[in-house]
Structures are given as C-alpha cells and as structure tokens.
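Sequence first, then the predicted structure:
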Amino acid sequence: MPRYDHDMKRYLALLLLGYGAATLAGAAPIAQRSVELERAQIAYRERGQGRPVVFVHALLLDSRLWLDQLDGVCDTRRCLAPDLSGHGYSSPSTQTKIDMQRYADELVAFLDATKVREADFVGLSAGGNIAAIVCARQPQRCRSLTLISTVLGSANLDAAGIRYRAENARTVVIEGKDTLFRRFNEYIVAPEAPLIARARYKTMLGQTPYETLVAFLTTSDTPSTADLPPKLTMPVMIPVGQGDTVLTPATARKIAATFPSGRVIELASAGRLLPLEAPAQLNDALRNFWLELDNGGKKP
C-alpha cells in the first residue's frame, strides 16, 4: 500500500475516533420528513435535539424560510418547520379562500403527529397569526411565542385593497409569478437586503402553486384575531427590522404593549423577512430569549 494511502486511512480513523466524530454527528443535515394528517400530508424539516421549537412560515412561502434558523439553533433545540398545506412539499390545497382557523387545526394535528407536547413557537406574518391562534387555544403547549411582522387584528380589506389584490390575482395567473415578485420585492425586504435573501424568497414564491396564490389574493376577509393578545399570557417577543416599512419598530412597540408579557427586539438594517435578511441577529435574539426562559426569567 502506498505510504500516502496508509497515512490517509490512519488520519480518517483518528478523525472518527476523536473530536471529529462529535463534529460529524453535530453536523447531521436537516432531515426532510412527512406525516399523514386527516386532511393532508404535511412535509416538514427537522434538525437537532432538546426542547422543541416550531417555526411557522408566512403564506406563499414554505419551510425553507427557516433554513438559517434550523442551522443556527439546532445545537440545543429540536427544530421543526412544517410546510402548510398548499405550500412547499405538502399536499396541495383545494380551498378557494384562506382559512386561518383551518391552518391552526392543521398545526395542532401536526404537533400531535410529531409528539410535541410543549414548544416555543416562531411565526412570520400570517404564520404568526396561525401560531397565536394555536397558543390561545392550547396555552399549555406554548412556552413562548415569537411574532415577526405579524399584526393581530381584523384582516378585512377596504374596497381599494380588494381591487388591488384581485388585480394581482389575475395578473399572476396570466403573466406569471415574476410579475408578483417584482411588486412584492419593492417593500418586502429592506434596500440593503443581500441578494441571496431575495433569491431564496423568489424561489419559494415561484414554487407556490398558482391556486394558493389566487386563494390568498382573493381572500378579502378573515376572522379577527384582535381578541387574542390578552389570552396570550406566555412571554411574547417581537423582533422587528429597522427597515421594515410594513410593521415599523414604533408599531411593533404598540403591539407588544397589548400582550401581558410582550417585548420588542430591534434588528438593524433589515426589512420584513428577518429570517433571510438578518439570520445571525435573529438567531442571537432567539437564543437569548429562550435561554432566559430556561434560566427561570434570568437574563443570560
């Protein structure tokens, strides 16, 4: 055997026996799994071990929104990120309108199927609304709630808003998803957002079924969630980007004040898509928030 081959095999053996074994185990890739629910097959991504964290994506996106979080906090947490039906790799949806309560039912069934008794929940936009509904229904399952660019309240649109969304629905079907991306891209991220963040956003939007896009854009009224904040007595954190023009830091502080235990964390130079635009900052905020809870309320 050539000396080079012998040395290489010896090196690999030592790597596996030493710290390298732990490193390789710790670097296990994100697992892609699925569970069969009564109404749909739900695909999800999972990584890590420990106290469960459930990440709920915004509508028109999917669990790839949270890839940097599954990478960044999996060393101490069991991270689960489902694709809601009609999104990602989950079953297509036959619903012609968006029903938040139905999605909340789905999330509860997902928790049952994955044997999650209690978790920290993180949601973006409508994903935050869905998580909040679940936490209000079953507070014993929710240790904490993190809401990113989420407004709890009436989602009913005025006549101009209904017409604008209906126009977008027709345009996306006839002209394609790139038209919708160009419109959303103007305000969904901050001007300084890295190109890779815009790229992943475009990928997720581009792979959302046209039926889901139309259902989203033609839903003009949903049940109000304005009554939820007083019921959400668990710690609530609202990270907000200083470049978010949809939900500004000032608005975030007003929303936080409606919760019995709400707080705001401002992240610099980021817009609405914090998980993509400022993943390291968001991961640090999540880690510190959860560690404080782990320590009985004492800040790390």
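It's in. Residues are numbered from 1 along each chain as shown.

Helices of the stretch 151-300 of the chain, start to end?
Along the stretch 151-300 of the chain, counting by DSSP state H, counting those that start in this stretch, helices occupy 159-175, 177-188, 195-206, 210-217, 249-256, 274-277, 279-294.

relative to helix 177-188, how tilted is the first one?
With axes from the mean of the first three to the mean of the last three C-alpha atoms, to 10 degrees as the criterion, the two stretches helix 159-175 and helix 177-188 enclose an angle of 140 degrees.

how far out from the middle of the chain is helix 159-175?
25 Å (C-alpha atoms, centre = their mean, to the nearest Å).

And the last one, by the same measure?
Per C-alpha atoms, centre = their mean, the displacement of helix 279-294 from the mean C-alpha position of its chain is 15 Å.

Can you list the helices and strands that that helix packs against?
strand 51-56, helix 67-72, strand 119-124, strand 142-148, strand 236-241, strand 262-267, helix 274-277 (3 or more C-beta pairs under 8 Å, 6 or more residues apart in numbering; DSSP states H and E). Just so you know, the C-beta spots here come from the backbone N, C-alpha and C atoms, and that holds for glycine as well.

Any chance of CSV for those, columns mean neighbour count, mean pLDDT and distance to Tyr201?
Formatted as CSV, those follow (neighbours: other C-beta atoms under 10 Å; pLDDT from 0 to 100; distance: least, C-beta to C-beta, whole Å):
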stretch, mean neighbour count, mean pLDDT, distance to Tyr201
strand 51-56, 24, 98, 16
helix 67-72, 20, 97, 12
strand 119-124, 26, 98, 11
strand 142-148, 24, 98, 14
strand 236-241, 26, 97, 14
strand 262-267, 18, 97, 17
helix 274-277, 26, 96, 6
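
tell me the most buried of the helices of the stretch 151-300 of the chain?
Greatest average neighbour count among the helices of the stretch 151-300 of the chain goes to helix 274-277 (a mean of 26), per mean count of other C-beta atoms under 10 Å.

Centre of the chain to it, how far?
10 Å.

residues in contact with that helix?
Here helix 274-277 makes contact (C-beta atoms under 8 Å, 6 or more residues apart in numbering) with 65-66, 68-69, 124, 148-149, 189-190, 193-194, 196-197, 200-201, 239-241, 267, 270-271, 281-282.

any low-confidence regions in the stretch 1-150 of the chain?
1-27 (pLDDT under 70).

So for stretch 198-215, mean pLDDT?
For stretch 198-215, the mean pLDDT works out to 97.

Keeping just the C-alphas, turn it into CSV.
What follows is stretch 198-215 as a C-alpha-only set of coordinates in CSV (Å, rounded to 0.1, in the frame of the first residue of the first chain):
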residue,chain,number,x,y,z
ARG,A,198,-34.1,37.9,-2.4
ALA,A,199,-33.1,34.8,-4.3
ARG,A,200,-34.5,32.4,-1.7
TYR,A,201,-37.6,34.5,-1.4
LYS,A,202,-38.1,34.3,-5.2
THR,A,203,-37.5,30.5,-5.1
MET,A,204,-40.2,30.0,-2.5
LEU,A,205,-42.7,32.3,-4.2
GLY,A,206,-42.0,30.8,-7.5
GLN,A,207,-42.7,27.3,-6.3
THR,A,208,-46.0,28.2,-4.6
PRO,A,209,-48.9,26.8,-6.6
TYR,A,210,-51.0,29.2,-8.6
GLU,A,211,-54.1,28.0,-6.8
THR,A,212,-52.6,29.0,-3.4
LEU,A,213,-51.6,32.4,-4.8
VAL,A,214,-55.2,33.0,-6.1
ALA,A,215,-56.8,31.9,-2.8
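
which residues touch it?
Counting by C-beta under 8 Å, 6+ apart, 59-62, 64-65, 67, 86-88, 92-93, 95-98, 169, 172-173, 177-178, 180-181, 184-185, 188-189, 273, 276 sit against stretch 198-215.
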